[in-house]
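Trainee: Provided below for reference: sequence and predicted model.
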Amino acid sequence: MAGQTIGKVVSINISEKKGVRKKPVDEAVINENSGIEGDAHASSQWHRQVSLLALESIKKMQSMGLDVKPGDFAENITTEGVDLISLPIGTRMKIGSDVVGEVSQIGKECHNRCAIYYQAGDCVMPKEGIFIKILKGGRIRNGDGISIMMRKSAEDYC
């Protein structure tokens, strides 16, 4: 069973090309061992299938005077109420009523400085974003709850 709901989805964001800001959508289908349908990063070939960034991190950049919003950091899911970077690799989370993901990477190396970095002299995604691998697919919508799971098998959550 899933743990108590601790946060929620505030924005679902997709793009057809990599390396660009993502556009918000109201709902999305997430495929097992792939990612969000219609998003350039969806692939069974790697562990960074879906990216998450906290709204609290975006607000930190806004407080620096930047005009940024969910999706601008190329994150797939903008969350609220979840301390994403405190979740160790291997942590499983349930998003909405169906989707189960496992934290596969915390932060990332930025090979190229993005426009946000040049505007602010910093960017939160490399330090505060996380990536998950999709263990069980389903549909998610803005406002869906997010809970942390403690078990190790996706079949336990069906």
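Mentor: Yep, it's here. Residues are numbered from 1 along each chain as shown.
Trainee: from now on I want contacts and neighbour counts done on CA atoms only, so please keep to that.
Mentor: OK.
Trainee: run through the bridge partners of the closest residue to Ile106 other than its chain neighbours.
Mentor: Of all residues not flanking Ile106 in the chain, Ile130 sits nearest, at 4.5 Å (Cα to Cα, 6 or more residues apart in numbering). Counting by DSSP bridges, Ile130 is bridged to Leu52, Ile106.
Trainee: skipping its backbone neighbours, what lies nearest Gln62 in space?
Mentor: In space, and not counting its chain neighbours, Gln62 is closest to Val68: 6.3 Å by Cα to Cα, 6+ apart.
Trainee: count the residues that sit near that neighbour.
Mentor: Val68 has 13 neighbours, counted by other Cα atoms under 10 Å.
Trainee: quick one, what contacts it?
Mentor: Neighbouring residues of Val68 by Cα atoms under 8 Å, 6 or more residues apart in numbering: Ile58, Met61, Gln62.
Trainee: would you map the helices across this protein?
Mentor: 55-63, 115-120, 125-128 (DSSP state H).
Trainee: helices or strands next to the longest one in the packing?
Mentor: Judged by 3 or more Cα pairs under 8 Å, 6 or more residues apart in numbering; DSSP states H and E, helix 55-63 is in contact with strand 77-80.
Trainee: hey, C-alpha coordinates of the strand it packs on in CSV?
Mentor: Taking Å, rounded to 0.1, in the frame of the first residue of the first chain, the C-alpha atoms of strand 77-80 are listed here in CSV:
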residue,chain,number,x,y,z
ILE,A,77,6.2,17.1,-13.2
THR,A,78,6.2,20.1,-10.9
THR,A,79,5.4,19.0,-7.4
GLU,A,80,4.4,20.8,-4.2
